[in-house]
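K.L.:
what follows is a protein structure lacking sequence information:
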């Protein structure tokens, strides 16, 4: 298995609070991605990174920001969490943009 | 826009073959993927096929591509309880293009 960890694995928070999810890789892959998985929607891309400090938006980026200060870490921040952001969040990595992505175990976030 | 459609559920008896179907709309799709998601885990890439191929076989897995009908299928021979999972079909137009995922097919194995 590709070396990808996500933390925390589970989080419950309240509406309006900031939340940061962390993705850590040991594979030295250039590209990193954040997806959310919701029933009826499958996987949707939030943001991705193509290098340190280089990020771009995906299809559902509103309400989310990301940062990548090191190759191995990609952070997803919800500045002010809303109930619509209750979801399972997956990080993925690849060494070619978008291609053959390897996924982390996921973070289940509940916003009350 | 691009879309990937697959049925949501499939029940198969243990030992039988499972066939999971997928259709896509983007005629320029070049890479077609199958991912497997076991309960509580992330997605695992099972296999992928290029659009210039019509079949790919890997042990118990057979992928068939009908490019004319934009139809992709995954056949699992001798289905086992460990095959119980959600299977996602996905496509991308180019090697470095974004991947569009279907909503996933939940495969349930009957004893």
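P.N.:
Great, that's in hand. The model shown is predicted, which means the values in this text are computed figures rather than measured ones. Numbers count the residues shown, from 1 in each chain, chains lettered A, B, ... in the order given.
K.L.:
kindly report the residues of chain B close to chain A.
P.N.:
Residues of chain B lying close to chain A (CB under 8 Å from any CB of the partner chain) are B:31, B:35, B:40-45, B:48, B:88, B:92, B:95-99, B:101-104. C-beta: built from backbone N, CA, C; applies to glycine.
K.L.:
so which of those belong to strands?
P.N.:
B:31, B:35, B:43, B:44, B:45, B:48, B:88, B:92, B:101 (DSSP state E).
K.L.:
I'd like to know which of the residues of chain B next to chain A are buried.
P.N.:
Buried subset of the residues of chain B next to chain A (neighbour count, 16 or more other CB atoms under 10 Å in any protein chain shown): B:31, B:35, B:42-45, B:48, B:88, B:92, B:97-99, B:101-104.
K.L.:
between those, which is closest to residue A:102?
P.N.:
residue B:45 (7.0 Å; CB to CB).
K.L.:
how many other residues sit next to the closest residue to residue B:70 other than its chain neighbours?
P.N.:
Take residue B:70 and drop its neighbours on the chain: the residue closest to it by CB to CB, 6 or more residues apart in numbering or on different chains is residue B:24, 5.1 Å away. Neighbour count for residue B:24, taken as other CB atoms under 10 Å in any protein chain shown: 20.
K.L.:
residue B:24 pairs with what?
P.N.:
Using DSSP bridges, the bridge partners assigned to residue B:24 are residue B:4.
K.L.:
quick check: it touching residue B:31?
P.N.:
No - applying CB atoms under 8 Å as the test, residue B:24 and residue B:31 come out as separate, 11.1 Å apart.
K.L.:
what's the overlap in contacts for these two?
P.N.:
Common neighbours of residue B:24 and residue B:31, using CB atoms under 8 Å, 6 or more residues apart in numbering or on different chains, are residue B:91.
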